[in-house]
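1. I would like to see how this sequence folds:
(one chain, ligands or ions: 2)
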Amino acid sequence: MENNSYERKTPKEEGVHTDFISRMTYGEYLQLDDLLSSQKRLSDHHDEMLFIVIHQVSELWMKLILHELKSSIDCIDKGDLSQAFKMLSRVSKIQTQIIHAWDVLSTLTPSEYIEFRDDLGQASGFQSYQYRMIEFALGYKTKHVLEIYKKDPILLEKLKREHEAPGLYDVSIHALAKVGLPIDETVLNRDYTETYVANDSVENAWLEVYRNVDRYWDLYELGEKLIDIEDWLQQWRFRHMKTVERIIGHKMGTGGSSGVGYLKKVLDHRFFPELWDIRTKL
Ligand code: HEM
Ligand SMILES: N[C@@H](CC(=O)c1ccccc1NC=O)C(=O)O
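-> Numbers count the residues shown, from 1 in each chain. Ligands and ions are numbered 1, 2, ... in the order given. A predicted model of the protein is given here:
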């Protein structure tokens, strides 16, 4: 099992008698007492419950996305592409789920939100560490986001590890090299703490794959799985930006950014640039 300090031990690890497990209820298994007592409103505004639940649901889905992404990175690294495809397809399905959360949140009007916005202080989705870990796993390694967690050394260490690790695109590029497609050494030995930047040898390798799909079927399928994930992530970013514009207009964000202007700018970033660029050349 993965060593994750945020996860509880299994009853077996804790040495709990198996009789307990056989009598265990639904609520005990799912720890519903903890889960369902974690929606604590700071205001007495009716709609704050919606706000909390949407965020908590999104964080839970992000947890599963990360679980799948990390395993798929390991699988691709080991050359087990078909196992990775199953996980990457699941990631895309989850992404389609979280995009629909914006429809629910859009029922919150500006006048309703403004009534409890001040209670949120400086808290912001900007501080979502799972969101940053997803970005890291996809090769977007912004350094300044680590700053946010400097007061929490345990979390900072965990984030640093993800920041230094090869991402989904790095192991995919290595998979291109493993079948003999020429990839520049500078890319193969790149510094993983930096955000990935487009490279001609990678573009040529993907072009070769997409022009000879029968020969490189697995890699072609991998390319399409990656495009799916980036496409959905961009749609999530776009729906976030539009929902924010609808609810707070062009007010500054509680996290200190310009708000909608900042969220629009982030949309410019591409995770797997060559996979988009080759479409024009095919
Ligand atoms: C009324 C609803 C929401 C508003 C008004 C809002 C507003 C904002 C704003 C203005 C920012 C920019 C940072 C800042 O200065 O605060 C931001 C960032 C962010 N928000 Fe939201 N948000 C909302 C809902 C959500 C939800 C439901 C999620 C889901 C987890 C979320 C996740 C994020 C993330 C991950 C960022 C960082 C984006 C990045 O840096 O690329 N937000 N939000
Ligand atoms: N940045 C938002 C506040 C906000 O949305 C937020 C506040 C606390 C916890 C999560 C949040 N969601 C996403 O940014 C704002 O400027 O209104």
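
2. contacts, neighbours, all on C-alpha from now
-> Will do.

3. and the stretch 101-250 of the chain, which of its residues are near ligand 1?
-> 124, 125, 126, 128, 131, 244, 247, 248 (C-alpha under 6 Å from any ligand atom).

4. Just the closest of these to residue 199, please.
-> Closest approach between those and residue 199, by C-alpha to C-alpha: residue 131, at 25.9 Å.

5. tally of neighbours for the residue in the stretch 151-282 of the chain positioned nearest to ligand 2?
-> Taking C-alpha to the nearest ligand atom, ligand 2 has its nearest neighbour within the stretch 151-282 of the chain at residue 253, 3.3 Å off. Neighbourhood size, residue 253 [other C-alpha atoms under 10 Å]: 20.

6. Distance-wise, check it relative to residue 105.
-> 17 Å (C-alpha to C-alpha, to the nearest Å).

7. Likewise for residue 10?
-> Taken as C-alpha to C-alpha, the span from residue 10 to residue 105 is 35 Å.

8. the domain parsing of the protein - what is it?
-> Per automatic domain parsing, the structural domains of the chain span 1-38, 45-281.

9. Turn those domains into CSV, columns for mean pLDDT.
-> Listed next are those as CSV, based on pLDDT from 0 to 100:
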stretch, mean pLDDT
domain 1-38, 78
domain 45-281, 97
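
10. any idea which of these is most buried?
-> domain 45-281 (a mean of 16; mean count of other C-alpha atoms under 10 Å).

11. what about it, how long is it end to end?
-> Domain 45-281 end-to-end distance (C-alpha to C-alpha) = 54 Å.

12. how about the CA coordinates for stretch 114-126, as CSV?
-> Provided in CSV are the C-alpha atoms of stretch 114-126 (Å, rounded to 0.1, in the frame of the first residue of the first chain):
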residue,chain,number,x,y,z
ILE,A,114,-21.1,38.8,-1.2
GLU,A,115,-23.1,38.2,2.0
PHE,A,116,-20.5,35.6,3.2
ARG,A,117,-17.4,36.4,1.1
ASP,A,118,-15.8,38.5,3.8
ASP,A,119,-16.0,35.6,6.2
LEU,A,120,-13.6,33.7,3.9
GLY,A,121,-10.8,36.1,4.8
GLN,A,122,-7.7,35.4,2.6
ALA,A,123,-8.6,31.8,2.0
SER,A,124,-8.6,30.9,-1.7
GLY,A,125,-8.6,28.0,-4.1
PHE,A,126,-5.1,29.3,-4.9
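
13. ok, for whatever residue of the stretch 51-200 of the chain ends up closest to ligand 2, nearest residue in space, not its chain neighbours?
-> Minimum separation of the stretch 51-200 of the chain from ligand 2 (C-alpha to the nearest ligand atom) falls at residue 125, amounting to 3.2 Å. Spatial nearest neighbour of residue 125, chain neighbours left out: residue 255 (7.8 Å); criterion: C-alpha to C-alpha, 6 or more residues apart in numbering.

14. Do I have it right that that neighbour meets residue 120?
-> No. Between residue 255 and residue 120 there is no contact under C-alpha atoms under 8 Å: 10.2 Å.

15. and the stretch 151-282 of the chain, which residues reach ligand 2?
-> 253, 254, 255.

16. need the contact list for the last one.
-> When contacts are counted by C-alpha atoms under 8 Å, 6 or more residues apart in numbering, residue 255 is found next to 122, 123, 124, 125, 126, 127.

17. Now do it against ligand 1, distance only.
-> 3 Å (C-alpha to the nearest ligand atom, to the nearest Å).

18. Ok, residue 138 next?
-> Where ligand 1 is concerned, residue 138 sits at a distance of 13 Å (C-alpha to the nearest ligand atom).
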